[in-house]
Structure formats: structure tokens, C-alpha cells
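1. coords below, sequence missing:
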């Protein structure tokens, strides 16, 4: 019988490949580098926990685990259709009673699968969502299985965007490991663990929405065509006319790794065209720079600025805190985008680094868990000259801040001091380079 | 207790958590208290408060204007207005 099931399984998988890629066309995303690692290293078994939008959800995950056996919990009402029982048995799926009664056999099958380091797919809502995007109540069974069998849960959010000219997206989050210190699995423990899983899936939903909204595709998108046009077409001009030499204080590979997901590029502000030079130095990603609202007063620049994804920020008055701009930056980072900003808040024409940098970068980094990539211009960019920039190691907030504590302004200001220290080191290096290479020296104040 | 007083108490607890400052007596905060002039809030404190308000009261702060967060009364009225929508 096992051989027959094996033949059925592979026959269905192979024949279904073409319709799968034509009709479903799923796009997989990871919430972070850690989420990618957790998902790819599921050797000791795990429970995949996803919301349920449509019957096609099963096929999306089935084909994502093409070479592996994915045991899915399937409601008993589905088994009434002809041939479904055989197909489900062939795919190793487990029948459960939707009303939750008498699932002892099902749970023991699941437990034995997990003990054999298998993968289980559970839709804890138990049925398709009535309103797409609005999560239904989660059953505690997924928490019970995770705690009882001591297996991690991989939260996944799928948007259910099925249709002829549509594309379904799903995002995989970081694994949730059960607390080994729990001896007695009570209802309260299960409920709180279930709520944690539901909250993680809700966060994944907002991450996916922001990811799609802020268009973080690498090469070209119509929404930000000006930025993409500048980046692509000015490459040869840039590297011939503005010859650049990069100095790395640290490891170049770490910067490349940090730029794969969300990141904050933080630099000193020497001239009005700094943002364009930042675009060229980080070509692999589309960067949304936070710029002063005053720039938008220039009619000639407004067209380009709006289509470059520049975030307009009103920075002049203490009585007007630009929450909308801040939230746009948070949403961009939440969607694994890259944001660039100048924490000094103004151009420093006389080449000094402000003692008090604003804590906006610190706050954005802490709230979205984005690494900060420090970047210093050694000189104002000049054509037909060698221009120098200094890049530092990414600063990860988790290395300086206790992730279990809630973020407040005190922690934000302390992290801001860390950023200032790192920028100061790069600035000191930049000053050395200036003294060595720049002929006309301006008065440079050393940083205390 | 009126709805606005409840919002005020929740807001004060939120400020204690998110914007801890040793020189502020949070229990003496009233509706007339000005965030920047009386409490000495910086832009970071106001932003942190705004992010916290969105999560705590399950509302969305958008189209912010200069008069929105001058006094505690402004903040409470804004939250009350958003919750009624």
C-alpha cells in the first residue's frame, strides 16, 4: 500500500507542477535572515502554522515542501468527497474532527510524525477566513502539540490573493520555540501561547503588506521609476566622473548581508546631492531617503523627489512632530525596505560632525529591529577627482539592547549614543583620509 | 468615571512606560499640561508616545497637524475622536 501511495503522491505532484505555476504563482518571502535559517533547517521536525484563506493554501505549502512529506491536518468534512480519502492518505495527511471532539487518534498520529522529525502543517483557524485578512479564532491544539512534543512553530501568513491575473504571497516568520520550563500544560498556558502565535502571524501580515506596498523589488518598479532610472543609467557616468574609493572599517561581507533585509543607512551630510551618491553606493537596494520638507518647495525637484520614494520630513518646529513621515519610514523598514537618513538633520558645510545627533535613527532601528549601516563622506563630491567614503560594520540593536524589555525613550537615547560613537570612529578615519589626500584643508574640529 | 478620564489614566500609564523621566511627576499630569513646555518632552518622546497610543488604543494616527499634540487635552480628544469613528 505504501508503494501505491508513493506512486500516487509523486504522480499528482509532478502533473500538478504546470497548473501550479500558471494558476497559483506563489511568491515566498522571509521576515528576516533568521526566519530563513529557521525554515531551511527544519531537520528535527517543526509545526508550520498558517492562516487559512482558501483551499489552495494547502497546495502552496505542498509545493513549497516539494521533496518532503508535509503532514497536514485536514477537517473531516473534506473526506466526504470521492477520492479525497485516498489522496489524503497518499500525502500523509491526518483527519481531524473540526468540532474538536475525539481527536485522540489524530493527535497520536501527529505526535508520532513529530517524533520522527516530520513536518506538520496546521491551520489553527480550522476553516477558511470569512473576511480575507481578518484572522479567525485560533484553536489551542497547535500550542498543545508544540509544548507536548517540544517542537518549534514556524508562523506563516498567506494573503490568499488567488486569481487569474493575481499572485499569492506568503511570508515566513522566525521560529517560536516552546518554553522548556513549563511542567504543567494548563488552559491559561495554552491560551497565552496561542495568542503569541496569533500575534506573530498578525505582525507577519503587516510586514507582508508593507513589503508589497513599498515595492522593495531590486531592479525596477513603476512607482519609483525616477530613482531606478537614476540608479541604472547613471552608473557609468557616476563611476567615470565621480571616481570613488571606499574604505571599510570592518567587514564588507557583513554590510552585504545586512542589506538583504531591512536596514538603515546613516551618514553625515556634506552637500545637497548626498542622497544621490548614497543611491550609487548601495546599488543592490532601493533606498528611501528622509529629506527635509524644504526641498519639496523647489518645483524642479518635486517631480523627481516624489517619484524617487523620498520621505518628506518636517523638521523645523518642535511643535510639529512629523508622525506621518516617521510612520512611513517604520512601514518601509517593516516591509524589509531600506531607509537612508542624515541624523545631524542639516548640511554641515564646514566639515564637522554634530555633537548631538538626533535619535530618530535609533528609534527607527529599535522599533523595527533594523541594523544601522554607518556611512561617512570624506569630502563633498567633486567630479574628475577621487572621492572617498568610509563604511562601518552594521550595528544591530539586539547586540546592545535587551530584546525582552519594552523600548522606551531612555533605551532609545542610550542606543543613540552607541550610534554616535560608531559614527565618530568613522569620522575620525575620514579626517585622517582628508589630511592625507585633500589639498585645501578646512578647519576640522576633532571630536571629543 | 468619564471616558476621557479613563483615556487620561491610560495615557499617563503609557507615558510612564514609554517616556520615563525622573524629573516628571506623572501623577500630577492634568488635561492642561503641555507636553513640550511643562513635561520637557522632545520630539522623540512625542513620537514614542504616538506609536504607543496606536498600539494601546488600537487607532491609527495620521494627517498629523501642529496643534494635535500640544497639550494632554489635545491628545485625549484625538484618541476619543478616533475611537468613536
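-> Arrived safely. The structure presented is a predicted model; accordingly, all values stated were derived computationally and were not measured.
2. Tell me where the chain is predicted with low confidence.
-> All of this is about chain A. A:100-102, A:180-184, A:215-220, A:315-321, A:438-448 (pLDDT under 70).
3. That was the other one, I meant chain B.
-> Using pLDDT under 70, chain B drops low at B:1, B:63-67, B:85.
4. quick one, helices of it?
-> All helices of chain B, identified by DSSP state H, fall at B:3-18, B:43-57, B:72-84.
5. highest average neighbour count across these?
-> With neighbours defined as mean count of other CB atoms under 10 Å in any protein chain shown, the helices of chain B peak in mean count at helix B:43-57, which reaches a mean of 20. Just so you know, the C-beta spots here come from the backbone N, C-alpha and C atoms, and that holds for glycine as well.
6. Residues touching that helix, excluding its own?
-> The contact list for helix B:43-57, computed with CB atoms under 8 Å, 6 or more residues apart in numbering or on different chains, reads A:318, A:321, A:323, A:326, A:330, A:358-360, A:363, A:367, A:407-409, A:412-413, B:7, B:10-11, B:14-15, B:17-19, B:35-36, B:39, B:41, B:59-61, B:64, B:69, B:75, B:79, B:82-83.
7. Stretch A:39-51 now?
-> For stretch A:39-51, using CB under 8 Å, 6+ apart, the contacting residues are A:30, A:57, A:61, A:70, A:113-125, A:129, A:135, A:142, A:145-146, A:151-158, A:170, A:172, A:175, A:197, A:201, A:205.
8. next one: stretch A:290-297
-> Under CB under 8 Å, 6+ apart, the answer for stretch A:290-297 is A:275, A:301-302, A:305, A:310-316, A:322, A:325, A:329, A:339-342, A:360.
9. same thing but at 10 Å, please
-> A:264, A:272, A:274-275, A:301-302, A:305-306, A:308, A:310-316, A:322, A:325-326, A:328-329, A:332, A:339-343, A:345-347, A:360-361, A:364 (CB atoms under 10 Å, 6 or more residues apart in numbering or on different chains).
10. Mind listing what's buried along it?
-> For stretch A:290-297, burial by neighbour count (16 or more other CB atoms under 10 Å in any protein chain shown) applies to A:290, A:291, A:292.
11. a strand runs through the first one, doesn't it?
-> Yes - membership of residue A:290 in a strand is supported by DSSP: H, G, I helix; E, B strand; the rest coil.
12. of the contacts of stretch A:290-297, list those near chain B.
-> Residues of these in contact with chain B (CB under 10 Å from any CB of the partner chain): A:314, A:315, A:322, A:325, A:326, A:360, A:364.
13. Which of those residues sits closest to chain B?
-> Nearest to chain B, judged by CB to the nearest CB, of those is residue A:326 at 5.5 Å.
14. Return the residues of chain B in contact with chain A.
-> Counting by CB under 10 Å from any CB, chain B sits next to chain A at B:15-22, B:34-37, B:41-54, B:60-70.
15. give me that answer again for 8 Å
-> Contact residues, chain B versus chain A (CB under 8 Å from any CB of the partner chain): B:17-21, B:36, B:42-48, B:50-51, B:61-66, B:69-70.
16. and the ones next to chain B among the contacts of stretch A:290-297 as JSON lines, adding secondary structure and neighbour count?
-> Output for those, formatted as JSON lines (DSSP: H, G, I helix; E, B strand; the rest coil; neighbours: other CB atoms under 10 Å in any protein chain shown):
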{"residue": "A:314", "secondary structure": "coil", "neighbour count": "15"}
{"residue": "A:315", "secondary structure": "coil", "neighbour count": "19"}
{"residue": "A:322", "secondary structure": "coil", "neighbour count": "20"}
{"residue": "A:325", "secondary structure": "helix", "neighbour count": "19"}
{"residue": "A:326", "secondary structure": "helix", "neighbour count": "23"}
{"residue": "A:360", "secondary structure": "helix", "neighbour count": "25"}
{"residue": "A:364", "secondary structure": "helix", "neighbour count": "25"}
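17. who's in contact with the nearest residue to residue A:31 once chain neighbours are set aside?
-> Among residues not flanking residue A:31 along the chain, residue A:173 sits closest, at 4.6 Å (CB to CB, 6 or more residues apart in numbering or on different chains). By CB under 8 Å, 6+ apart, residue A:173 lies in contact with A:31, A:35, A:154, A:155, A:156, A:157, A:200, A:201, A:203, A:204.
18. Now neighbour count too, for those residues, in a markdown table please.
-> Shown next, in a markdown table, are these (neighbours: other CB atoms under 10 Å in any protein chain shown):
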| residue | neighbour count |
| --- | --- |
| A:31 | 27 |
| A:35 | 22 |
| A:154 | 22 |
| A:155 | 27 |
| A:156 | 25 |
| A:157 | 28 |
| A:200 | 21 |
| A:201 | 22 |
| A:203 | 16 |
| A:204 | 24 |
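19. Farthest-apart pair in these, please.
-> A:154 and A:203 (14.0 Å; CB to CB).
20. So residue A:105: helix, strand or coil?
-> Quick answer, by three-state DSSP: residue A:105 is helix.
21. An error on my part: the question was meant for residue A:379.
-> Applying three-state DSSP: residue A:379 is coil.
22. just the helices in the stretch 1-150 of chain A please.
-> When assigned using DSSP state H, counting those that start in this stretch, the helices of the stretch 1-150 of chain A occupy the ranges A:2-15, A:17-19, A:33-40, A:56-64, A:84-90, A:104-115, A:141-149.
23. in the last one, what's buried?
-> Within helix A:141-149, the residues that count as buried by 16+ other CB under 10 Å are A:141, A:142, A:143, A:144, A:145, A:146, A:147, A:149.
24. Mind picking the one among the residues you listed that's closest to chain B?
-> residue A:143 (23.4 Å).
25. just checking, the closest one touches residue A:198?
-> No - contact status for residue A:143 versus residue A:198: not in contact, 10.2 Å apart, counting by CB atoms under 8 Å.
26. Overlap in contacts, the two.
-> With CB under 8 Å, 6+ apart, residue A:143 and residue A:198 have no common neighbours.
27. which helix is the longest one in chain A?
-> Max-length helix for chain A by DSSP H is helix A:409-437.
28. Tell me how far stretch A:233-252 lies from the chain's centre.
-> 27 Å (CA atoms, centre = their mean, to the nearest Å).
29. whoops, stretch B:28-45 was the one
-> With CA atoms, centre = their mean, you get 9 Å for stretch B:28-45.
30. repeat for stretch B:12-29
-> Using CA atoms, centre = their mean, the offset of stretch B:12-29 from its chain centre is 10 Å.
31. quick one, what contacts residue 18?
-> As the question left the chain open, I've gone with chain A. Neighbours of residue A:18 in contact, by CB under 8 Å, 6+ apart: none.
32. meant chain B, my bad for not saying
-> Residue B:18 neighbours (CB under 8 Å, 6+ apart): A:406, A:407, A:408, A:409, B:48, B:49, B:52.
33. of the residues you listed, closest to residue A:251?
-> Among those, and counting by CB to CB, the member closest to residue A:251 is residue A:407, at 27.4 Å.
34. how about the closest one, secondary structure?
-> coil.
35. tell me the strands in chain A, going along the chain?
-> A:27-30, A:46-50, A:70-75, A:94-96, A:119-122, A:153-158, A:169-172, A:242-249, A:263-267, A:287-292, A:311-313, A:338-341, A:372-377, A:385-392 (DSSP state E).
36. for these, which one sits closest to residue A:352?
-> Per CB to CB, nearest to residue A:352 of these: strand A:372-377, 12.2 Å.
37. So which elements touch that closest one?
-> strand A:263-267, helix A:274-281, strand A:385-392, helix A:409-437 (3 or more CB pairs under 8 Å, 6 or more residues apart in numbering or on different chains; DSSP states H and E).
38. highest average neighbour count across the ones you listed?
-> For these, the highest mean count by mean count of other CB under 10 Å goes to strand A:263-267, at a mean of 27.
39. Residue A:388 and residue A:244 touch, don't they?
-> Yes - using CB under 8 Å, residue A:388 is in contact with residue A:244, at 7.3 Å.
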